[in-house]
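Asks: The amino acid sequence is not available; the structure is as follows:
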């Protein structure tokens, strides 16, 4: 039905490696402290899978540290990809009510929305389909197994510390969902000391929102939680409708972590739940209950100095249940991702990993039922080499999908640093 996200037709690290990694300062949550975002522009051309880019940035700018482009810590201007970071300061200034509003002014991203708060929202990255962008929350994939596009409208920015956007294919590292690129959302984490936050707001259409959070970090442990609530009467989701389409959303983010020497472990949970009203094709008012959540256990260790290993076990849920009838769409996925980074001298970083996901998707829509279990297994490898002004990246992935069989994906990228402020790279 129009306005419904899933219940229509159901388809069957300057001259060497990134300095953050060399200094072993990357955290289990995903990176070093963020700094001022680099100012740059890019000239891009594509031909038969080949992309060429020229990056220019200010001499005195300091790029933020990212982890999404290569799964390892590096500054944004070192990545052989088009990368943007949305910082917490930018999020606060935006006053956005969902993550799609954060993305709408970013280059290469188009947003489509079916109405007001909570209505179906789609994100198109570099012209690809809405289900061709991989979305990670703290490293865990949240794309559902039905339409493939996540519930952008239900992700409250009050829970978010930063967003990393990587444009262009990343399928060798993340699988087939990352055709258009990867958008990774990092929820709040404590870095040092104690921090308590609170906010409240209101607006037209009888809209109110509020959030509260408390976080603490010491040398050996960290913990924190955030809770937010959004409520709005909304407005008619269709121009010819006469009743408002309301929305409410309660979001929770919680985590706890321990650090002892070279060992770090963290358990985290994020969820959003509530109800969205909309109109069907006959202008009848309908509503659906939603539940989106992510739970993850991440363990990082350094058994020996050149080797860093990260094990992440995740569980993701995307549920929609119609209020007026028995239609529903449910996706539950358990995943295990084991990543190993081997620093082979100062100029070479090798990443080897294995991924496994077991997904259960079940749906009922207009009498048509869908109930499928899907198993995915993958092995991936990436080698980053830095020789003076030359950067080279080679990657390979082999994926065995229960439905589509075994497939292979590769990537080869080369970059040259002409000066501190100018660099060109090409990827295939």
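Replies: Yep, it's here. Only a predicted model underlies this, so the values are computations on that prediction, with no experimental measurement involved.
Asks: What pLDDT does the model give the residue lying closest to residue 212 once chain neighbours are set aside?
Replies: Spatial nearest neighbour of residue 212, excluding adjacent residues (CB to CB, 6 or more residues apart in numbering): residue 198 at 4.7 Å. Just so you know, the C-beta spots here come from the backbone N, C-alpha and C atoms, and that holds for glycine as well. The predicted local distance difference test score for residue 198 is 95.
Asks: do residue 33 as well
Replies: In this prediction, residue 33 carries a pLDDT score of 35.
Asks: go on, the one 3 residues further on?
Replies: Model confidence at residue 36, given as pLDDT, is 35.
Asks: again with the one 5 residues further on
Replies: Per-residue pLDDT puts residue 41 at 42.
Asks: where do the helices sit along the protein?
Replies: With DSSP state H as the definition, the chain shows helices at residue ranges 19-22, 88-94, 99-103, 171-174.
Asks: will you turn those into a markdown table that also has mean neighbour count, distance to residue 352 and mean pLDDT?
Replies: Converted to a markdown table, the helices of the chain look like this (neighbours: other CB atoms under 10 Å; distance: least, CB to CB, whole Å; pLDDT from 0 to 100):
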| stretch | mean neighbour count | distance to residue 352 | mean pLDDT |
| --- | --- | --- | --- |
| helix 19-22 | 19 | 15 | 38 |
| helix 88-94 | 14 | 33 | 93 |
| helix 99-103 | 22 | 32 | 94 |
| helix 171-174 | 24 | 12 | 95 |
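Asks: Residue 248: which of these is closest?
Replies: When the helices of the chain are compared by CB to CB, helix 99-103 sits nearest residue 248, at 17.5 Å.
Asks: what helices or strands is that closest one leaning on?
Replies: helix 88-94, strand 109-113, strand 121-125, strand 160-167 (3 or more CB pairs under 8 Å, 6 or more residues apart in numbering; DSSP states H and E).
Asks: out of these, nearest to residue 255?
Replies: strand 160-167 (11.2 Å).
Asks: quick one on the thing from earlier: next up, the contacts around the residue nearest to residue 212.
Replies: Applying CB atoms under 8 Å, 6 or more residues apart in numbering, one finds that residue 198 lies in contact with 210, 211, 212, 213.
Asks: Neighbours of the second one, how many?
Replies: If I follow you right, that is residue 211. Applying the criterion other CB atoms under 10 Å, we find 20 residues in the vicinity of residue 211.
Asks: The first one too?
Replies: Here the count is done by other CB under 10 Å, and residue 210 has 15 residues near it.
Asks: beta partners for it?
Replies: The partner list for residue 210 in beta bridges (DSSP bridges) reads residue 200, residue 229.
Asks: residue contacts, it?
Replies: 198, 199, 200, 201, 228, 229.
Asks: Same question for the third one.
Replies: Shown in contact with residue 212 (CB under 8 Å, 6+ apart): 197, 198, 199, 226, 227, 228.
Asks: so what's residue 403 up against?
Replies: Residues counted as contacts of residue 403 (CB under 8 Å, 6+ apart) are residue 374.
Asks: hmm, back to that, distance to residue 63 added to the helices and strands packed on helix 99-103, as CSV?
Replies: Written out in CSV, the entries for those read as follows (distance: least, CB to CB, whole Å):
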stretch, distance to residue 63
helix 88-94, 15
strand 109-113, 20
strand 121-125, 21
strand 160-167, 12
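Asks: got a winner among the contacts of residue 212 for most neighbours?
Replies: Within these, residue 226 tops the neighbour count with 22 neighbours, counted by other CB under 10 Å.
Asks: For residue 135, see how far away that one is.
Replies: The gap separating residue 226 from residue 135 is 19 Å, by CB to CB, to the nearest Å.
Asks: circling back: so which of the helices and strands packed on helix 99-103 gets nearest residue 367?
Replies: Closest to residue 367 of these is strand 121-125 (CB to CB; 25.8 Å).
Asks: Tell me which residues are up against the closest one.
Replies: Everything outside strand 121-125 that qualifies as a contact, by CB under 8 Å, 6+ apart, is 98, 100, 103, 108-114, 130, 132-133, 149, 151-153, 165, 167, 180-181, 183.
Asks: Which members of these are classed as buried?
Replies: Buried by 16 or more other CB atoms under 10 Å: 98, 100, 103, 108-109, 111, 113-114, 130, 132-133, 149, 151-153, 165, 167, 180-181, 183, out of the contacts of strand 121-125.
Asks: pLDDT score for residue 212?
Replies: We have a pLDDT of 97 for residue 212.
Asks: My error: substitute residue 239 in the last question.
Replies: 84.
Asks: What's the separation between the residue lying farthest from the centre of the chain and residue 65?
Replies: Among the residues of the chain, the one whose C-alpha is farthest from the average of all C-alpha positions is residue 242, by CA atoms, centre = their mean at 36.5 Å. Taking CB to CB as the criterion, residue 242 is separated from residue 65 by 51 Å.
Asks: Check residue 145 too.
Replies: Taking CB to CB as the measure, residue 145 falls 32 Å from residue 65.
Asks: likewise residue 358?
Replies: Taken as CB to CB, the span from residue 358 to residue 65 is 33 Å.
Asks: So what touches stretch 348-356?
Replies: Applying CB under 8 Å, 6+ apart, the set of residues contacting stretch 348-356 from outside is 13, 17-18, 21, 70-72, 175, 335-344, 375-386.
Asks: show me the contacts for residue 323.
Replies: Shown in contact with residue 323 (CB under 8 Å, 6+ apart): 275, 286, 287, 288, 289.
Asks: ok, these vs residue 269, which is closest?
Replies: The closest of the contacts of residue 323 to residue 269 turns out to be residue 289 (CB to CB; 19.5 Å).
Asks: From what I see, the closest one and residue 277 are in contact.
Replies: No: with contacts counted by CB atoms under 8 Å, residue 289 stays clear of residue 277, the gap being 10.9 Å.
Asks: Which one's more surrounded, the two?
Replies: Counting neighbours by other CB under 10 Å for residue 289 and for residue 277 shows that residue 277 has the greater number, 24 against 14.
Asks: May I see the buried residues of stretch 284-298?
Replies: Of the residues in stretch 284-298, those buried under the neighbour-count criterion (16+ other CB under 10 Å) are 285, 286, 287, 288, 290, 291, 292, 293, 294, 295, 296, 298.
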